[in-house]
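Asker: coords please:
(chains A, B, C and D)
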Protein chains: 2
Amino acid sequence: MLDWTLLRSFLAVIDTGSLSAAAERLGLVQPTVGRHIRELEETLGAPLFRRQPRGLEPTPAALDLVEDARRMGEAAMALERKASGAGDSLAGTVRVTASRMVATYLLPDIVAALHVEEPAVDIEIVASDETQNLLRRDADIALRMYEPRQAQLVRRRIGDIPLAVYAAPAYLARRGTPATLADLLDHDIIGLDRADELLQGFARFGMPVPREWFPIRCDDHVVGWQMVIAGAGIGFVQVPIAEAEPRVVRLPVEDIGFALPLWLAYHEDLRPNRRVRFVADRLADGLARRINSRETR
Amino acid sequence: MLDWTLLRSFLAVIDTGSLSAAAERLGLVQPTVGRHIRELEETLGAPLFRRQPRGLEPTPAALDLVEDARRMGEAAMALERKASGAGDSLAGTVRVTASRMVATYLLPDIVAALHVEEPAVDIEIVASDETQNLLRRDADIALRMYEPRQAQLVRRRIGDIPLAVYAAPAYLARRGTPATLADLLDHDIIGLDRADELLQGFARFGMPVPREWFPIRCDDHVVGWQMVIAGAGIGFVQVPIAEAEPRVVRLPVEDIGFALPLWLAYHEDLRPNRRVRFVADRLADGLARRINSRETR
DNA sequence: ATTTATCCATGCAGAAATGAATATCGTGTC
DNA sequence: GACACGATATTCATTTCTGCATGGATAAAT
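Answerer: Numbers count the residues shown, from 1 in each chain, chains lettered A, B, ... in the order given. Down below sits the predicted model:
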């Protein structure tokens, strides 16, 4: 009977295209995965990959086996999802993914309160602006700024996070305080939070500007926000985050009417999992309270 | 990420009901499987089995996982079937199951010739009158006396093996030679080859007899046939087998018109497997030749 | 043409899993 | 009630596997 560990490595190599990447995904090390593949080839009596400088290219014989290997992998992941909800106690870990901004400025208070209430629940935060794959269990719960579309996900709309214009007093003392949106054209704007959509928003207001209009651009929103705080420029920032920061002030320009929808999602297999539901409920409650209490201010 | 080896052991324990039986099926040893289960329970944080004197009884939590584990197992077996013919050489093993009679008296010549033709092909004979599971790969090729019904099997009807009445000269010298079927009622008949159907056959000829009519009954056809050869009684024997045995003679009674259909079957996943096809072809040819050359004699 | 960045293969020491032997427990039987 | 049987737990020596460090090879980039 075939060793299933070899098949798991086989699938990982097929998916990633190289021994090194497969090893990282499996939490192993490249020589181990290489030995797995070699052992599998010896057992089956047929070469499965052609070793190439860029990685391993599957042979036709290997491609014949991919479908079944993938079925195994999907079944294993489904089993893992179901198993994680098997325990009665809340003890265990829940992985939560959120954007860097949300993870940095909104989650800490909520997670702290949650951990006081249920110390047995461990929280792992995956702070990333890239979409994590809930189907592949990159995380248990995802907080996203758009509606999740996959059918197997349970999704809940928490609310809309409004954006407004903020700057540090030091900046305003140096450059003056803009009173209207049009005034912003003469100021240094730091690209934050969906810069592309902000550009479209400006266009809607009759002020088409090119991407280069932002004098400071940064792919990390947290860094950009720190620059606003430091007085490097003006930023369009999520109101619940900015209002908690005393070192900036909201500018008296018109409301830009732009908001980010906030969604919470998890895999439907995790629905009966009390631990995941507990965390999801606390996250949704805490985020909704912060969104609603600030946006009218 | 979960260790797939643990899941394989989990499935085996679910299927067999005990650590010991699971270990035997996996080619492992009971303490190893026990450790696998314990490690899986620790990883998942939930008990999966209740240890009982008769074995391990799955908990509800375990039953939730069975379906996915079985999907993994089925995918693994399908992969194994497809992989078994991956190499382009014929080298390798083919497991053939057949009834004890066929395996003992018809297969040896065929297998010998086959092995001369292709020494790289190893043959494993599973001589059993119990149905082996081709889906679970108990054997690669099955020779059966009835039509296989499972949809996933490739089946080929080889022909009908006729039955006739034989006895040893020593027996006939002692008890006389019956000339008609009716005369058999005064003789010692050894139950061979589907005794139940033979009884029904006698009833069709207007001679209903009870099961106890057979003075010597034996669940092993080979043993019964050896008794016929030794002169212990008269037997209804497969013609191709009996005609090759010089120590018995065919009795001049009417043709009983009874024949056993002979089928060859293998899993459709094995269809592209050159080795299995080779063995299947040689078996079908050899058996058909023996059936047809003898039945008219 | 040289450099650089990946990626795979190999040798070796340490860690982990395995198997054999044995102890223990509960059940069914005489 | 004593005993035998079949099952799971435990212990320990050994094998096996894993991970680290290093070498070698190829393709893209400067």
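Asker: can you get me a residue count around residue A:173?
Answerer: The criterion is other Cβ atoms under 10 Å in any protein chain shown. On that basis, residue A:173 has 10 neighbouring residues. Bear in mind the C-beta positions are built from the backbone N, C-alpha and C, glycine included.
Asker: am I right that it sits in a helix?
Answerer: Yes - with DSSP: H, G, I helix; E, B strand; the rest coil as the criterion, residue A:173 is part of a helix.
Asker: mind exporting the C-alpha coordinates of stretch A:150-163 to PDB?
Answerer: Only the C-alpha atoms of stretch A:150-163 are listed here, as PDB (Å, rounded to 0.1, in the frame of the first residue of the first chain):
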ATOM      1  CA  GLN A 150     -17.300  32.000  -3.300                       C
ATOM      2  CA  ALA A 151     -20.400  29.900  -2.600                       C
ATOM      3  CA  GLN A 152     -18.900  27.900   0.200                       C
ATOM      4  CA  LEU A 153     -18.300  30.900   2.400                       C
ATOM      5  CA  VAL A 154     -20.600  32.200   5.100                       C
ATOM      6  CA  ARG A 155     -20.500  36.000   4.800                       C
ATOM      7  CA  ARG A 156     -21.800  38.800   6.900                       C
ATOM      8  CA  ARG A 157     -21.800  42.500   6.100                       C
ATOM      9  CA  ILE A 158     -20.500  44.400   9.100                       C
ATOM     10  CA  GLY A 159     -21.000  47.900   7.700                       C
ATOM     11  CA  ASP A 160     -19.300  50.600   5.700                       C
ATOM     12  CA  ILE A 161     -16.100  52.300   6.800                       C
ATOM     13  CA  PRO A 162     -16.300  55.900   5.700                       C
ATOM     14  CA  LEU A 163     -13.200  57.700   4.500                       C
END
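Asker: buried residues, that stretch. List them.
Answerer: In terms of neighbour count (16 or more other Cβ atoms under 10 Å in any protein chain shown), stretch A:150-163 has its buried residues at A:153, A:154, A:158, A:159, A:161, A:162, A:163.
Asker: could you dump these to CSV with secondary structure?
Answerer: Below are those laid out as CSV (three-state DSSP):
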residue, secondary structure
A:153, strand
A:154, strand
A:158, strand
A:159, strand
A:161, strand
A:162, strand
A:163, strand
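Asker: so who does residue A:251 touch?
Answerer: By Cβ atoms under 8 Å, 6 or more residues apart in numbering or on different chains, the contact set of residue A:251 is A:164, A:165, A:166, A:167, A:177, A:178, A:234.
Asker: gap between it and residue A:244?
Answerer: 17 Å (Cβ to Cβ, to the nearest Å).
Asker: then residue A:171?
Answerer: Taking Cβ to Cβ, one finds residue A:171 at 19 Å from residue A:244.
Asker: who has more neighbours, these two?
Answerer: Shown here are residue A:171 and residue A:244; by other Cβ under 10 Å, residue A:171 has more neighbours (24 against 12).
Asker: with DNA strand D as the reference, measure out to that one.
Answerer: According to Cβ to the nearest atom of the strand, to the nearest Å, residue A:171 stands 37 Å off from DNA strand D.
Asker: now swap in residue A:135 and tell me
Answerer: Distance, residue A:135 to DNA strand D, using Cβ to the nearest atom of the strand: 25 Å.
Asker: likewise for residue A:277?
Answerer: Per Cβ to the nearest atom of the strand, residue A:277 is found 32 Å from DNA strand D.
Asker: quick check, that residue in contact with residue A:271.
Answerer: Yes - under the criterion of Cβ atoms under 8 Å, residue A:277 makes contact with residue A:271 at 7.4 Å.
Asker: neighbour count for the two, which is higher?
Answerer: A count of neighbours by other Cβ under 10 Å puts residue A:277 above the other of residue A:277 and residue A:271, at 18 against 12.
Asker: and that one, helix, strand or coil?
Answerer: helix.
Asker: for residue A:260, what are phi and psi?
Answerer: phi -100, psi 120 (degrees, to the nearest 10).
Asker: how about the CA coordinates for the longest helix belonging to chain A, as CSV?
Answerer: Using DSSP state H, we find that the single longest helix of chain A is helix A:60-83. Output of helix A:60-83 as CSV, limited to C-alpha atoms (Å, rounded to 0.1, in the frame of the first residue of the first chain):
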residue,chain,number,x,y,z
PRO,A,60,2.5,12.6,-18.8
ALA,A,61,2.5,9.8,-16.3
ALA,A,62,2.4,12.3,-13.5
LEU,A,63,-0.4,14.2,-15.1
ASP,A,64,-2.5,11.1,-15.1
LEU,A,65,-2.2,10.9,-11.4
VAL,A,66,-2.8,14.6,-10.6
GLU,A,67,-6.6,14.4,-10.6
ASP,A,68,-6.7,11.7,-7.9
ALA,A,69,-4.0,13.3,-5.9
ARG,A,70,-6.0,16.5,-5.9
ARG,A,71,-9.1,14.7,-4.8
MET,A,72,-7.1,13.4,-1.9
GLY,A,73,-6.0,16.9,-1.1
GLU,A,74,-9.4,18.4,-1.2
ALA,A,75,-10.8,15.6,1.0
ALA,A,76,-8.0,16.1,3.4
MET,A,77,-8.7,19.8,3.6
ALA,A,78,-12.5,19.3,4.1
LEU,A,79,-11.7,16.8,6.8
GLU,A,80,-9.4,19.3,8.5
ARG,A,81,-12.1,22.0,8.4
LYS,A,82,-14.7,19.7,9.9
ALA,A,83,-12.3,18.4,12.5
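Asker: I'd like the average pLDDT over that helix.
Answerer: The average pLDDT within helix A:60-83 is 91.
Asker: and stretch A:92-111, by the same measure?
Answerer: Rounded mean pLDDT across stretch A:92-111 is 90.
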